[in-house]
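Undergrad: model the following, please.
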Amino acid sequence: MKQSIFQIIENTPLTDSVYKMRLAGDTSHITAPGQFVNIQLDGFYLRRPISVCDCESGTLTIIYKVVGKGTDAMSRMKAGALDILSGLGNGYDTSLSGDAPLLLGGGVGVPPLYMLAKRLIAEGKKVSVILGFNTKSEIFYEEEFRALGADVTVTTVDGSYGIKGFVTDAMAEKSYTYVYTCGPEPMLKAIWRASATSGQFSFEERMGCGFGACMGCSCKTVTGYKRICKDGPIMYKEEIAWEK
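TA: Numbers count the residues shown, from 1 in each chain. Sure thing, here's the model as predicted:
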C-alpha cells in the first residue's frame, strides 16, 4: 500500500451516471488486475474505494458510478490533486486461467476486467468476455475490450441490445477453462452456481479503512471470516460459503 498524490488529467462521462477518470502519479504499487485504490475527497470522512480499470507507468484509469454525494463530487472535478491509497487488495491470479478464460462483468463490475483481459491476452490466452447491463444506454467499454482482441458478448436485462437476460444466459454458449468475474452479489451467486470450472470472484463491499484494520468488510468463507479489502476482494470459487 502506498499513499500518493495523483493529478487528474481526464474526467469524462461514459454514460449518464458512469465516469472515466485518468490520473497521473506513482502507480508502482499497483501490480495485479483486480486491485483497487481508496480516494480521499475534501469534505468527506471516509475514502471512496474504486477498482483499477487500467494502469500503465505513471497513469491510472478508474471508472466509477455516481451513487452518492462523494462520487457526485468526483464527477464534477475537472482538474486538481487527489490523495490516494494505491495497491490495495489481492488482485486476480492469472496463472490459473488455462488457455481460454471467461470474464464476466456486471455494471461497474466491468472495469477491473479490462486490465485483467489485457494481462491475459498479453500472456497468449484466448479471452472471452460477457458484459452485463440493464439496458443499452448503460453499456460502456464494449469496443475497448474488442480492441484488445477479446471475444465480446453483451447482455441486457430488457433486451434492448445484445442477448436478452443476464450474463449467465450467455454462458452456455461459451467453451472456457476458467472463470473470472466482478459485479453485484446476486450476479456472483448465479455465476458460482452456473460455472463449470473453478474461478475467481471479486466482491463489492462497503469499506471503512480499506486496508484491513477496521474489520468492517469481513465476510464468511469455508475457512472462516476474511476481510474483503485485505484478504480479497478476490475470492476463489472453492472458498465461497454459499449453498448450491
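Undergrad: where do the helices sit along the protein?
TA: 69-75, 111-122, 142-148, 185-194 (DSSP state H).
Undergrad: burial count for the closest residue in space to Ser128 that isn't next to it in sequence?
TA: Of all residues not flanking Ser128 in the chain, Asp151 sits nearest, at 4.5 Å (Cβ to Cβ, 6 or more residues apart in numbering). In short, each C-beta sits where N, CA and C put it, glycine included. Using other Cβ atoms under 10 Å, Asp151 is surrounded by 14 other residues.
Undergrad: residue contacts, Gly159?
TA: Counting by Cβ atoms under 8 Å, 6 or more residues apart in numbering, Gly159 makes contact with Gly165.
Undergrad: equivalent analysis for the one 10 residues further on, please.
TA: Neighbouring residues of Asp169 by Cβ under 8 Å, 6+ apart: 155, 163.
Undergrad: how much space separates it from Gly132?
TA: 9 Å (Cβ to Cβ, to the nearest Å).
Undergrad: and what of Thr59?
TA: For Thr59, the distance to Gly132 - Cβ to Cβ - is 28 Å.
Undergrad: those two: who's more crowded?
TA: With neighbours defined as other Cβ under 10 Å, Thr59 and Gly132 compare such that Gly132 has more, 29 against 15.
Undergrad: not counting sequence-adjacent ones, nearest residue to the residue nearest the centre of the chain?
TA: Closest residue to the average C-alpha location of the chain: Pro112 at 3.2 Å, with Cα atoms, centre = their mean. Take Pro112 and drop its neighbours on the chain: the residue closest to it by Cβ to Cβ, 6+ apart is Ser51, 4.2 Å away.
Undergrad: doesn't Phe203 make contact with that neighbour?
TA: No. Ser51 lies out of contact with Phe203 (Cβ atoms under 8 Å); the separation is 11.0 Å.
Undergrad: if I look at these two, which residues touch both of them?
TA: Common neighbours of Ser51 and Phe203 (Cβ under 8 Å, 6+ apart) are Pro233.
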